[in-house]
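Undergrad: sequence and computational prediction follow.
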Amino acid sequence: MTDSAAALCVPTTPRRVLVVHNPTAGRHKQRRLLDVIERLELLGCAVTSKQTGQRGDAEDFATQASPDLYDAVIAAGGDGTVNEVLNGLGRGSGGLALGVIPLGTANVLACEIGLDPRNLDQIARAIAFGPARHVHVAVANCRRFLLMAGAGLDAHVVAGVNVALKRRTGKLAYVVESLKQAVGYDFPKLGIRADGVEYEGRMVVACKGRFYGGPFIAAPDASLEEPMLEVCILPNSGISGVLRYGLALPMGKLSELPEVQVISARTLLITGPRGAPVQGDGDIVARLPAEISVGNDTVELICPE
């Protein structure tokens, strides 16, 4: 984070917050949520809580949130819940900051901003008094995303992952689906036009943040605060390619592999099988062909001090 950004939007009084959460989360995560809300109230925050009943509710709640009543909308859940709230803030009247209570499987945004999902005091303190940093938001086929958007195998894994298994086993569900997809997926070629220059790959991830899939750095030069995408183009296919990339990622070596291209761009067009899924922030947000861009669209993101 830059020094100039760190000086932005530091509240002098506890924030008034709308907490949006999914009641289908496990009992342990519900307890963590209630503990954070209790801490927020002890810090002097005015807290309103709303439960989602179906997909799209979090976006609608954020859209309807009034700056007259709230200073921020807090997504209590995983990165998919954050994405819904982010898109609701884009449709709303503006002026509201975005915060997170990380209760998801990967919690990539929490990794990006240095928020420890296990440190409830840190989470509450950040929401109440943490600086709101000015970050640039990217768009995939008119759908906002904050962290990354990808096409190819990773998008098919997101589309196919077993939700019940994910709730029981967390990240293991993605490992199971990745191996399943690696055997049956045909790895079609993807065309990538980045700022007018043509590339080709089997998988592509446009990164706004450094992290991918959890505490794993895929794009070390990416920055939420810059109006730029770091685009990772992966050319290998098959189970050997999946294992190679899957081993390099947790070691922080993905971008260093000789065949992997990482380029900077503001606009991106991905072509391939028409209708193939595009994942954004861990949810399916678009279909191919996909136009991805980053420009002047911004949001105030609440971070730890």
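TA: Thanks, I have it. Numbers count the residues shown, from 1 in each chain.

Undergrad: residue ranges with poor pLDDT in the stretch 1-150 of the chain?
TA: Filtered on pLDDT under 70, the stretch 1-150 of the chain yields the residue ranges 1-8, 25-27, 93.

Undergrad: show me the helices in it, by range?
TA: Ranges of helices within the stretch 1-150 of the chain are 3-6, 27-42, 57-64, 79-91, 108-113, 120-129, based on DSSP state H, counting those that start in this stretch.

Undergrad: with mean neighbour count and distance to Ile302 added, can I get these in a markdown table?
TA: C-beta: built from backbone N, CA, C; applies to glycine. Listed next are the helices of the stretch 1-150 of the chain as a markdown table, based on neighbours: other Cβ atoms under 10 Å; distance: least, Cβ to Cβ, whole Å:
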| stretch | mean neighbour count | distance to Ile302 |
| --- | --- | --- |
| helix 3-6 | 12 | 12 |
| helix 27-42 | 16 | 12 |
| helix 57-64 | 20 | 14 |
| helix 79-91 | 25 | 11 |
| helix 108-113 | 24 | 8 |
| helix 120-129 | 20 | 6 |
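
Undergrad: which helices and strands does whichever strand or helix holds Arg193 pack with?
TA: Arg193 belongs to strand 190-194 when assigned by DSSP states H and E. If contacts are counted by 3 or more Cβ pairs under 8 Å, 6 or more residues apart in numbering; DSSP states H and E, strand 190-194 sits against strand 197-201, strand 203-207, strand 229-234, strand 267-271.

Undergrad: highest mean neighbour count out of those strands?
TA: Counting by mean count of other Cβ atoms under 10 Å, strand 203-207 has the highest mean neighbour count of the helices and strands packed on strand 190-194, with a mean of 26.

Undergrad: so which elements touch that one?
TA: strand 148-151, helix 153-160, strand 190-194, strand 229-234.

Undergrad: what pairs with it, parallel or antiparallel?
TA: Within its sheet, strand 203-207 is paired with strand 148-151 (antiparallel), strand 229-234 (antiparallel), according to DSSP bridges.
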